[in-house]
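Engineer: build me a structure from this.
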Amino acid sequence: MRSYWNLHKYPILFVIGSMLFYTSFGYDLDRTDYIKLLTLFSGLFFFCYKIIQFEKWNFKFLLVAGILFRLIFLVAEPNLSQDFYRFIWDGELIKNGFNPYLYTPDQLMEQPNFSIANADELYAGMGSLHAKHYSNYPPVNQFFFALASILGGGSVLGAIIALRLITILGDLGVLYFGRKLLQKLNRPSYLAFWYFLNPLVIIELTGNLHFEGTMLFFFVWALYLISSQKWWLGAPLYAISIMVKLVPILFLPLFLKYLGLRKSIFFYALTGLGCLILLTPFYAPFFIDNYSDTIGLWFSNFEFNAGIYNGIKKIAVTFYDAKPWELIEAYGTLVIKVMAIVILLFAFLRKNQSLQTLITSTLLVLSIYFFISSTVHPWYVVFLLGVSLLTDYRFPLIWSFAVVLSYQAYSNPDFKENMWWLAFEYILVIGFFIYEMISKGPKKLYFFKK
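Structural biologist: Got it, this is the predicted structure:
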């Protein structure tokens, strides 16, 4: 025991320091206290860096540390996001036979005979934005919400614990299949711990119960099977990933060259069939209209932590007297068109026959989308981070720290963003992105390499 302490003294101290910081983050932090939030987040990143630096080949040490950090949050109420109230609300609806895509919380609360466990607490907690809209969470996410509500036994804390265990299992899955993909790509397997020990991942997924890690788990599992010539097994898992969060839809055209035309047709058919099967339990009249309208709001109504959009908005409003509410609607439509072109260019002009190039294409496509999007919540960066560790690019790792600057908005009562903080965040991230693009050159980017 003494010799182990002597060999691992500093990493153990960094783990203990991290546990104290995570405890403070989970149980003694008000998100309006930005100075404390920034200090804790920065300290945790420093500890993460040092732990991996000292113990990068010690799998058991890093695994145990990552699990311990997550378990600290087990009974904590999420403090950076109120989305979990809507998660539990949707789960309670399904448990009681309601379709969350057919009724808004406002509509249900107006019904005199409506009753689910903790309805008043959940309704008040989710806020007016959630309350007036239909659910925008895909079917597999809804399954997890319902499972958590059942396991929670009508208790909000019980449902939180169940959701937390699900997110932890998702991260363990990412670690497992991420390391397998890294080995397949002849990369150091310890790189997966830049995901598993990353403070953004732990705080936003385990702490605040977002499901980007669960989506990533099914995505990397599917990618591993596809790369192992078992694409017919990967297709259902890819469908599940889409039905956790919709992001992997963006990458489907990229598989055309990797699989070839014939296999691609069957892969797309199986993936589409899988999505339809998962949607079937929730299908009802008006389902498509309600869901598409809710998803459309993300392109035409919401703004948070935007990069290029904020620059365009500033110029349009200042010099051309543009109306912000008209601008975002037009901009959202433009983003959809731009991304359609970008995806097609990456699908047909890049040499995606190799696994490395395919994964790099997914990274670049998603990066472009986030750079031009009007809404980039901090937890969105988690998926980008996970994919990047399979490539030569590290700007998402920079972003996983820099995104803490967007939390400054929480310190204002009206959640007004400080454009200087956001400008610094995006200058840092996009600047590093451009540096990596230039330094690697065309051959390293695989634009012409077969």
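
Engineer: so where do the helices sit in the stretch 301-450 of the chain?
Structural biologist: Ranges of helices in the stretch 301-450 of the chain, per DSSP state H, counting those that start in this stretch, are 308-320, 324-349, 355-372, 381-388, 395-402, 419-444.

Engineer: out of those, nearest to K180?
Structural biologist: Of all the helices of the stretch 301-450 of the chain, helix 355-372 sits nearest to K180, with 12.1 Å by Cβ to Cβ. Any C-beta I mention is one placed from the backbone N, CA and C, and that applies to glycine too.

Engineer: who wins for proximity to N118 among the helices of the stretch 301-450 of the chain?
Structural biologist: Checked against Cβ to Cβ, the stretch from the helices of the stretch 301-450 of the chain lying closest is helix 381-388, at 28.2 Å.

Engineer: what's the longest helix in this structure?
Structural biologist: Ranked by residue count under DSSP state H, the longest helix found in the chain is helix 156-184.

Engineer: tell me the angle of the helix or strand hosting I67 relative to helix 156-184?
Structural biologist: Using DSSP states H and E, the element containing I67 is helix 59-71. Relative orientation of helix 59-71 versus helix 156-184 (axes from the mean of the first three to the mean of the last three Cα atoms, to 10 degrees): 150 degrees.

Engineer: who's in contact with helix 59-71?
Structural biologist: 8, 11, 15, 18-19, 22, 51-52, 55-56, 164, 168, 171-172, 175, 189-190, 193, 196-197, 202, 206 (Cβ atoms under 8 Å, 6 or more residues apart in numbering).

Engineer: now the buried members of the residues you listed.
Structural biologist: Using 16 or more other Cβ atoms under 10 Å as the burial test, the contacts of helix 59-71 include 8, 11, 15, 18-19, 22, 51-52, 55-56, 164, 168, 171-172, 175, 189-190, 193, 196-197, 202, 206 as buried.

Engineer: mind checking which of those residues are in helices?
Structural biologist: Going by DSSP H, the helices hold 8, 11, 15, 18-19, 22, 51-52, 55, 164, 168, 171-172, 175, 193, 196 from the buried ones among the contacts of helix 59-71.

Engineer: which one of those residues is nearest to V244?
Structural biologist: After measuring those against V244 - Cβ to Cβ - the closest member comes out as D171, at 13.6 Å.

Engineer: what residues are up against that closest one?
Structural biologist: 66, 70, 195-196, 201, 205-206, 213, 217.

Engineer: could you dump these into a markdown table and include pLDDT?
Structural biologist: Compiled in a markdown table, the contacts of D171 are given as follows (pLDDT from 0 to 100):
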| residue | pLDDT |
| --- | --- |
| G66 | 98 |
| R70 | 98 |
| Y195 | 98 |
| F196 | 98 |
| V201 | 98 |
| L205 | 98 |
| T206 | 98 |
| G213 | 97 |
| F217 | 98 |
